[in-house]
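**Student:** Predicted structure and sequence below. I'll ask about it afterward.
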Amino acid sequence: MIGRIHGTLIEVVGTLALVDVGGPGYEVELTSGALAALGGVGKPCTLYTHHVVREDAQSLFGFANRDERDLFRTLIKLNGVGPKLALAVLSSLSLSDLAAAVERNEVARLTKVPGVGKRTAERLIIELKDKLSHIAIVTPLSGAAGGAGAAAMSEALQALISLGYKPHEAERVLAGVPKGLNDAEDIVRAALKGLAQSAAS
């Protein structure tokens, strides 16, 4: 089982990343959180992974942190939830958002995930009820815009948390990001740039 890889990012096509690990290059299917946490092409990257071996294929799925990977492993153990659907759940909802949806029995919120119908959503809530207590439920940033901007900000917040920042630290950093950014990766880059400038001053 390949549980973690560290190497150089060669390219990203959609949600598929190619990582050179010192000779071999691994193709890794990533969650949106893992994508947002990546540096640029040519930069070093570390991913927690889950290796799926089947008779006709082998697939490697990559995650920003251990919690994300462990939840993926929990999801694929559920009846009717395969790796692709589990990846869709984790890419559509941050860990915090998923924990909130389960805690509040928000079936409608879960059915917005591609491939998740009402019955699957209800089963996810029942099965995950006692498995997400360790995940902090983060409230939306005050003043965050609605729609795509809010979704991107939430995704960026989770990405910063996955990089080791405390929720309140991540919120403080994101509060200083220029308005008008609607892409999570751009927001994370702006936040990290601000942090670097603060450290240098």
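**Tutor:** The structure has been received and is ready for your questions. Bear in mind the structure is a predicted one, so any value in this text is a computation, not a measurement.
**Student:** only C-alpha atoms for contact and neighbour calcs from this point on.
**Tutor:** OK.
**Student:** Can you find the helix or strand in this protein with the smallest mean pLDDT?
**Tutor:** Lowest by mean pLDDT, DSSP states H and E among the helices and strands of the chain is helix 147-162, with a mean of 71.
**Student:** how about the strands in this protein?
**Tutor:** Using DSSP state E, the strands of the chain run over 4-13, 16-20, 25-30, 44-53, 58-63.
**Student:** got these as a markdown table, with mean neighbour count and distance to residue 96 columns?
**Tutor:** A markdown table is the format used below for these (neighbours: other C-alpha atoms under 10 Å; distance: least, C-alpha to C-alpha, whole Å):
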| stretch | mean neighbour count | distance to residue 96 |
| --- | --- | --- |
| strand 4-13 | 17 | 23 |
| strand 16-20 | 21 | 24 |
| strand 25-30 | 20 | 18 |
| strand 44-53 | 18 | 19 |
| strand 58-63 | 21 | 15 |
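**Student:** Now distance to residue 196 too, for these, in TSV please.
**Tutor:** Formatted as TSV, these follow (distance: least, C-alpha to C-alpha, whole Å):
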stretch	distance to residue 196
strand 4-13	22
strand 16-20	26
strand 25-30	26
strand 44-53	18
strand 58-63	25
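**Student:** What about the nearest residue to residue 102 once chain neighbours are set aside, how many residues nearby?
**Tutor:** In space, and not counting its chain neighbours, residue 102 is closest to residue 125: 4.9 Å by C-alpha to C-alpha, 6 or more residues apart in numbering. Look at residue 125: counted by other C-alpha atoms under 10 Å, it has 20 neighbours.
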